[in-house]
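> Output the structure for:
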Amino acid sequence: MQKRINRLRTSLTERDIDGFFTVHYPNVRYLSGFSGSHGLVYITKNRALFISDGRYKEQAKNEVKDFEIDILEEPISLAKRMWELISDNQPKKLAIESVHTRLASYLRLVEWFPEEGLTATVNLVENLRATKSPEEVQKLQEAIRINDQSFSQILKYIAPGIRENQVAARIDYLQKMNGASNPAFETIVASGENGAFPHGRPTQKKIKKGDLVTIDMGCVYEGYVSDMTRTIAIGKPDKKQREIYKIVQEAQRRSKNIARSGVKIVDVDAAARDYIKSEGYGDYFNHGLGHGIGLDIHEAPHISKRKKEKRLESGMVFTNEPGIYIAGWGGVRIEDVLIVTDEGSELLSHSPRELIEI
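Predicted structure coming up:
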């Protein structure tokens, strides 16, 4: 953890900030290794402090390294305890995470710290998390392996007459049986016309012959997540279904082929988006191409046409998920996870990308 702490200290120094704290779970875990649900990390040039309560005393002792550990003995907030411990040597500038700080929390902070000394920051830790260490990649690979295994098993269960929510429940079960701690998000199973909803929730609808079924699934392994989408055919797909599937498949291939360190993110998005547009379906691809994964299911880098100047860096891990969604007809999405290298990008997910027929 010391390397991560030092990287954050460098970022603070570059911004002329003396201290930083977070209670945002993914950032707490990234900096300290703590996997419990209630913790605070405080970092300055010369101090690394972790605070939790008595429920997590032994867990903190086992998981948190390179930090001074303080366990609450009174029913007070973590931020109040932080102030008690640093009040004799307060930082002149204390960074707060503006995206994760609630108004009520901010109002309590200004009771203890001079408001002019509170500095709003955005994505200080998230930007560090965007590039993954080899240890993080190993955990991501295991989460992805579990996902791939669970997908291959669910194919044996899907059949006409099975409800969408039954398939989703079985996927969640398989993931845990295969070694995951939890699903990474609510599993999406969208059949037939429901496939037109990119984030459609599984319903009581029965899957029927002739449907395309979009399955978006992910799981958590030691805090790190996986994310994959496949669209499968129930029976023989018709001409339009095959045509749209091939367009999405080719769009995904084109974006992967240009992804490498130094390439503008907007160009990776455009490789898929422009191809789909050239095939006449530009109005039906209505979301960004992808997003980073790690301790969060959506984190940096965000792969979209809005990221005009951002560039990929070696070690970034993100999803590549073009799709076409047509109201009243359905949709197709194919999603895989890539890791960026200096030479290009490598696939971390390995489930078949050809159209599967059941």
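
> Run through the neighbouring helices and strands of the helix or strand of the chain with the lowest mean pLDDT.
Taking all helices and strands of the chain together, the one with the lowest average confidence (mean pLDDT, DSSP states H and E) is helix 103-112, at a mean of 90. In terms of contact count using 3 or more C-beta pairs under 8 Å, 6 or more residues apart in numbering; DSSP states H and E, helix 103-112 is assigned the packing partners helix 78-86, strand 118-121. (Glycine included, C-beta is placed from N, CA and C.)

> what's the average pLDDT for the first one?
Looking back up the chat, that one is helix 78-86. Per-residue pLDDT values over helix 78-86 give a mean of 94.

> returning to that earlier point: quick one, which of the helices and strands packed on helix 103-112 gets closest to residue 240.
Comparing the helices and strands packed on helix 103-112 against residue 240 with C-beta to C-beta, the closest turns out to be strand 118-121 (48.9 Å).

> before we move on, back to that, list the buried residues in the least confident helix or strand of the chain.
Buried positions in helix 103-112, judged by neighbour count with 16 or more other C-beta atoms under 10 Å: residue 109.

> cool, stretch 209-222 as well?
For stretch 209-222, burial by neighbour count (16+ other C-beta under 10 Å) applies to 211-221.

> Show me how this structure divides into domains.
According to automatic domain parsing, the chain comprises the domains 2-129, 134-347.

> Columns distance to residue 355 on top of those domains, output as JSON lines?
Shown next, in JSON lines, are the domains of the chain (distance: least, C-beta to C-beta, whole Å):
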{"stretch": "domain 2-129", "distance to residue 355": "35"}
{"stretch": "domain 134-347", "distance to residue 355": "5"}
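
> isn't residue 245 right next to residue 331, touching?
No. Here residue 245 does not reach residue 331: they are 10.5 Å apart, not a contact under C-beta atoms under 8 Å.

> Need the winner for burial among the domains of the chain.
Ranked by average neighbour count under the criterion mean count of other C-beta atoms under 10 Å, the domains of the chain are headed by domain 134-347 at a mean of 19.

> Pull the distance from it to the chain's centre.
The chain centroid and the centroid of domain 134-347 are separated by 12 Å, computed with C-alpha atoms, centre = their mean, to the nearest Å.

> what mean pLDDT does that domain have?
The average pLDDT for domain 134-347 rounds to 97.

> rewinding a little: using a markdown table, lay out the helices and strands packed on helix 103-112 together with distance to residue 176.
Formatted as a markdown table, the helices and strands packed on helix 103-112 follow (distance: least, C-beta to C-beta, whole Å):
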| stretch | distance to residue 176 |
| --- | --- |
| helix 78-86 | 31 |
| strand 118-121 | 37 |
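
> of all the ones you listed, which lies closest to residue 193?
Put simply, out of those the one that sits nearest residue 193 is strand 118-121, at 44.2 Å, with distance taken as C-beta to C-beta.

> who touches residue 236 in this structure?
residue 357 (C-beta atoms under 8 Å, 6 or more residues apart in numbering).

> which residues sit against the least confident helix or strand of the chain?
Contacts with helix 103-112, where a contact means C-beta under 8 Å, 6+ apart, come from 77, 79-80, 83, 87, 96, 101, 118.

> thinking again about what came up before, common neighbours of residue 245 and residue 331, please.
Residues touching both residue 245 and residue 331 comprise 212, 231, with contact defined as C-beta under 8 Å, 6+ apart.

> For residue 214, see how far away residue 50 is.
As defined by C-beta to C-beta, to the nearest Å, residue 50 lies at a distance of 42 Å from residue 214.

> what does residue 55 give?
Counting by C-beta to C-beta, the gap from residue 55 to residue 214 is 40 Å.

> Tell me the secondary structure of the residue nearest the centre of the chain, please.
Here the mean C-alpha position of the chain is nearest to the C-alpha of residue 297 (C-alpha atoms, centre = their mean), at a distance of 2.0 Å. For residue 297, the secondary-structure state derived from DSSP: H, G, I helix; E, B strand; the rest coil is coil.

> contacting residues around it?
For residue 297, the contacting residues are 184-185, 218, 225, 227, 291, by C-beta under 8 Å, 6+ apart.

> now, which of those residues sits nearest residue 353?
Nearest to residue 353 among the contacts of residue 297, counting by C-beta to C-beta, is residue 227 at 15.0 Å.

> For that closest one, which non-adjacent residue is spatially closest?
On the basis of C-beta to C-beta, 6 or more residues apart in numbering, the spatially nearest residue to residue 227 that is not a chain neighbour turns out to be residue 218, at 4.0 Å.

> Do I have it right that that neighbour meets residue 225?
Yes. Taking C-beta under 8 Å as the contact criterion, residue 218 and residue 225 are neighbours in contact, 5.5 Å apart.
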